[in-house]
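Chemist: no letters, just coordinates:
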């Protein structure tokens, strides 16, 4: 485990409350990352064939080499369930939220070499249909990330604004909504990029604005795991969430995306 976690939880919490995110470079050392990557390769071979078509997305439909995104990996494999539910990441989530948290989703995000599309500016909580917005998302780089292959950018302090920015339908598979008025002077002045090596870990508040560019590298992918946790105070409007998911899936089928 990285010496970075020798920093007190209090200092990390202060950074999180001020900025809306934290960055630990690295959270996991090289040996642990080699293990995670081996287990991930095993997961793709053994578990992806069992997953629903609403949980696995490809940049190019039908092209296995263009695997773009997965949802709910914890439902299909004990190794990744433990990584989400009982490892250090959950402890960080509860420290940042200041309350007990439940593990909701372990995701995979990829931008395949040369074809990976940009991630539109958005706020995760806009998708979650809950109140209060007590949730965090962790992001673990499985390989080196930089501007060329699409590193994450945060807008510092954006989680402190009231409500959510206006969102509209995005044409980017896996990110159904994007902020429609993004690009203000404040957005530009407070944007911070986060390149890093494998093992780099980010965690952000559900209201923190973030985005990523396309993958313009002809040879390198940009693979990462996402960890979603809801605080115990967050109450989900299950009817609104189910209606949103049903419409989204119908739209994706109509567009031949799944």
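Modeler: Sure, I can see it. Remember, predicted model here, so these are calculated numbers, not experimental data. Numbers count the residues shown, from 1 in each chain.
Chemist: now stretch 108-116: how far from the chain's centre is it?
Modeler: Relative to its chain's centre, stretch 108-116 lies at 14 Å (C-alpha atoms, centre = their mean, to the nearest Å).
Chemist: show me what that stretch is in contact with.
Modeler: 40, 59-60, 65-70, 73, 117, 139, 149-150, 174, 212, 214-226 (C-beta atoms under 8 Å, 6 or more residues apart in numbering). Yep, even glycine has a C-beta here, placed from its N, CA and C like the rest.
Chemist: am I right that residue 233 is in contact with residue 99?
Modeler: Yes. Residue 233 lies in contact with residue 99 (C-beta atoms under 8 Å); the separation is 6.1 Å.
Chemist: centre-most residue in this protein?
Modeler: residue 226 (4.0 Å; C-alpha atoms, centre = their mean).
Chemist: make sure that one is indeed in a strand.
Modeler: Yes. Assessed by DSSP: H, G, I helix; E, B strand; the rest coil, residue 226 belongs to a strand.
Chemist: show me the contacts for it.
Modeler: 105-109, 137-140.
Chemist: and for residue 170?
Modeler: Neighbouring residues of residue 170 by C-beta under 8 Å, 6+ apart: 120, 122, 176-178.
Chemist: also residue 196?
Modeler: Contacts of residue 196 (C-beta under 8 Å, 6+ apart): 23, 25-26, 141, 144-145, 151.
Chemist: and the gap between it and residue 155?
Modeler: As judged by C-beta to C-beta, to the nearest Å, residue 196 and residue 155 stand 18 Å apart.
Chemist: for residue 195, same thing?
Modeler: For residue 195 relative to residue 155 (C-beta to C-beta), the value is 17 Å.
Chemist: and residue 87, by the same measure?
Modeler: In terms of C-beta to C-beta, residue 87 sits 28 Å off from residue 155.
Chemist: looking at the two, which one has more neighbours?
Modeler: Each of residue 87 and residue 155 has its neighbours counted (other C-beta atoms under 10 Å); residue 155 has more, 27 against 15.
Chemist: quick one: residues contacting the more buried one.
Modeler: Contacts of residue 155 (C-beta under 8 Å, 6+ apart): 20, 121, 186-187, 190-192, 208-210.
Chemist: quickly list what it is bridged to.
Modeler: Taking DSSP bridges, one finds residue 191 as the beta-bridge partners of residue 155.
Chemist: pLDDT below threshold where in the protein?
Modeler: Low-confidence segments of the chain (pLDDT under 70): 1-10, 240, 243-244, 246-252, 254-255, 257-258.
Chemist: and the helices in it?
Modeler: Secondary structure of the chain, counting by DSSP state H: helices at 9-19, 30-46, 78-85, 88-97, 125-128, 185-190, 238-254.
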